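Trainee: predicted model follows, preceded by the sequence.
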Amino acid sequence: MTTLGLWVRRIQAIHAPSEFYIVDVKPILQLIDEIFHQTLTHQDTDGLGGIGDYADTAQDLTILYDLLLGFSKLPCSGGGDLDASMMELLRTLKCHTWETKVLRIKNPSVKYVAILKQLSVKSQLKAIDNITESIIKVTKCFVEYVELIQSNYISEDTPPLSDDILLAVNVDNPGKLLSHAYENKDDIPWELTNLADLLDKCHPYIEKMRHEEYYKNLICLFQGPHQDLDNVKYLRALISQKADTRPLEIGTSKSRFNIERLRWRQVLLLISDLSLSNEEIVILDHIYKERQNRAEVECEIVWLPVVDATTWDEAKRFRFEELKSKMPWYAVHDPLIIEPPVIKFIRNDWHFDKKMIIVSLDPQGRVSSLNAIHMLWVWGNLAFPFTDEKDQALWNAESWRLQLVADGIDPTILDWIQEGKYICLYGGDDLEWIRKFTKRAKAVARLAVISLELLYVGRSTATREQIRKVNKVIKTENLSRFWPDYTSNWFFWSRMDSMRCSKAKHHKTVENDEILKEVMTLLSYDGSDQGWVMVWRGSNETARANGQLTLLTLDDFEAWKNQAAQSDFVTTLKDEQIRCHTPYHCIRLTIPGFGPDIPDTVECSEGGREMEKFIIYRCCHD
């Protein structure tokens, strides 16, 4: 073993800390640091300030010499032998922890005071500055090292880290520091630099280990048995583990709150990145405020934005504040307080990937739904307490009817149902087809003597600008009714897709579920380049077809108008569509989403054949 190794082993051999001697040195170190910062000269250009304010002559430095000399008179039997003195001092302090020892060991002996006296006043001041700052830096580094040891992520006796730390602390003695000062060196002594470098190398490893443990604890917390009476522990693990902070903020009021505010409440965790759309916020805002009319709906929403801290900048900060300002519910006041292990848990275990999800937590912190967004879009507050079981119960009592299609979007439709009108919803973005269809539909309605309301519902893949252009033509040429706000168009199609996703979650298929079959047919029509039509009488009677088949059937109205007059217009229209149907044109089905939302197979709504699956990458810019 080398001489250096023997020196380290000797130090370790006499280290026997006792709980009785444990001292919290951080407050002491902070006080010492503040005192010295009030007195250090820092070599200002005028030679004034710092110690110079109190000791600008050799006589005034006498007090400092005496103080240093007093420190040097610690018990030691080694005489002038520094190593022997150091070992004797370490034996005296053997029951103290390392961070306590370091505050006591760093004291110059008499010969170092003598070195100091050989310097000029200005050099004396600079030397005192240098040695003081070096001692404080070394001590801070060592306290930090002890904290890392106490974190249990690294071991105190694991070489070479332990050896290097002990050497950096004990070899970096006052003599070397004073020699540095005597030579007027501004750089930091090697041992101090080495110690700082070692700590820098520790931090990534410590952070990695801490994150891994944090992530495993999250899995155990949310997947293990729930024995807690409330949800605070679970929310704190996700948002902020500090009990004395106020990490939550209501964006519209800028008010800050503690997590305790959510105790025993049903909580909907809104998880998204910064691409959250205005339409999503508007619809969720409507549902959130509507809950006030239902005394039984006691829940809160908390926005957890998922961001990448390594690419965080002012533009993203502005976007975050912009989104938060539109939210009357809770949000974290700063996305960066959500720790990386939580982001990893949200992605890996709650399957978040760009598309917004809402995780429902019951008052005890249990996950009652991994994604309640679909039941919120379909049922609104009727889905409270937002469990998968409640969602299934609502579907069991539902059927394919116009109220389901248009619920929460346009109350005028409900009035038309009550008035017994024929209601036609149509979509697509081919203006020539829209003109032909609407004119022909109005003509047939006059011939059949029926009250027909035409309503344009857009297309799922159309941008805000595309919808605006079509709406402008419809209004200018008085073709039909339309929704003037883009949000209604967006919500109509989002609800359709949410119905599909909800049914998929409950393992329904088009073979065993009539509602899903109709939803998939409508989505198939929407995916084609031509338009589509859905005609209703009352709530349940419906006929639907693609745009070309509808025009063909209406053009042939003279052939079936008598039958329509004798029975029912919608029933006759449906029969004629079936009679005239020839699957001559393949259609497309565009499904936004991923994972369990995507069905294994889909049959063509026109020809009944199994459709091929393709992947489409698309970026919309409104």
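Mentor: Arrived safely, thanks for sending. From a predicted model like this one, the values you see are computed outputs, not experimental measurements.

Trainee: quick one, strands of this protein?
Mentor: All strands of the chain, identified by DSSP state E, fall at 248-250, 255-257, 266-272, 299-305, 330-332, 357-361, 367-369, 422-427, 452-456, 481-482, 532-537, 541-546.

Trainee: buried ones in stretch 539-558?
Mentor: Buried residues in stretch 539-558, counted by 16 or more other CB atoms under 10 Å: 539, 541-554, 557. C-beta coordinates here come from the backbone N, C-alpha and C atoms, glycine included.

Trainee: Ala331 and Trp416, how far apart?
Mentor: 39 Å (CB to CB, to the nearest Å).

Trainee: hmm, I was thinking of Arg446
Mentor: In terms of CB to CB, Arg446 sits 18 Å off from Trp416.

Trainee: repeat that for Val535.
Mentor: 12 Å.

Trainee: who has more neighbours, the two?
Mentor: Using other CB atoms under 10 Å as the criterion, Val535 and Trp416 rank with Val535 on top: 23 against 20.

Trainee: the more buried one contacts Thr571, doesn't it?
Mentor: No - with contacts counted by CB atoms under 8 Å, Val535 stays clear of Thr571, the gap being 10.6 Å.

Trainee: what touches both of those two?
Mentor: Ala543 (CB atoms under 8 Å, 6 or more residues apart in numbering).

Trainee: report how many residues lie close to Arg294.
Mentor: Count around Arg294 with other CB under 10 Å applied: 12.

Trainee: enumerate every residue touching it.
Mentor: So Arg294 contacts Asn381, Phe384 (CB under 8 Å, 6+ apart).

Trainee: show the pLDDT at it.
Mentor: For Arg294, the pLDDT comes out at 85.

Trainee: please name the bridge partners of Leu425.
Mentor: Leu455, Met534 (DSSP bridges).

Trainee: could you give the number of residues near Arg256?
Mentor: Neighbour tally, Arg256, other CB under 10 Å: 12.

Trainee: mind starting the numbering at 57 from now?
Mentor: Renumbered: residue one is now 57, and that last one reads Arg312.

Trainee: surely it meets Ser296?
Mentor: No - with contact defined as CB under 8 Å, Arg312 does not reach Ser296; the gap is 11.9 Å.

Trainee: residues in contact with both of Val591 and Trp472, list them for me.
Mentor: Counting by CB under 8 Å, 6+ apart, the residues touching both Val591 and Trp472 are Ile479.

Trainee: next, the contact list for the nearest residue to Gln586 once chain neighbours are set aside, please.
Mentor: Leaving out its chain neighbours, the residue that sits closest to Gln586 by CB to CB, 6 or more residues apart in numbering is Gly603, at 4.2 Å. Applying CB under 8 Å, 6+ apart, we find Gly603 in contact with Gly484, Asp486, Trp489, Phe493, Gln586, Gly587, Trp588, Val589.

Trainee: could you rerun that using 6 Å?
Mentor: Taking CB atoms under 6 Å, 6 or more residues apart in numbering, we find Gly603 in contact with Trp489, Gln586, Gly587, Trp588.

Trainee: what about it, distance to Glu488?
Mentor: Relative to Glu488, and taking CB to CB, Gly603 is found at 10 Å.

Trainee: then Glu336?
Mentor: 33 Å.

Trainee: quick check: closest non-adjacent residue to Trp323.
Mentor: That one is not Trp; residue 323 is Val. Closest to Val323 by CB to CB, 6+ apart is Leu417, at 4.6 Å.

Trainee: repeat that for Trp549.
Mentor: Nearest to Trp549 is Ser516, by CB to CB, 6+ apart, at 3.7 Å.

Trainee: and what of Ser558?
Mentor: His430 (4.4 Å).

Trainee: pLDDT score assigned to that neighbour?
Mentor: 96.

Trainee: isn't it right up against Ala560?
Mentor: No - with contact defined as CB atoms under 6 Å, His430 does not reach Ala560; the gap is 9.3 Å.

Trainee: which one's more surrounded, the two?
Mentor: Neighbours were counted for His430 and for Ala560 using other CB under 10 Å; His430 has more, 25 against 20.

Trainee: lovely, talk soon.
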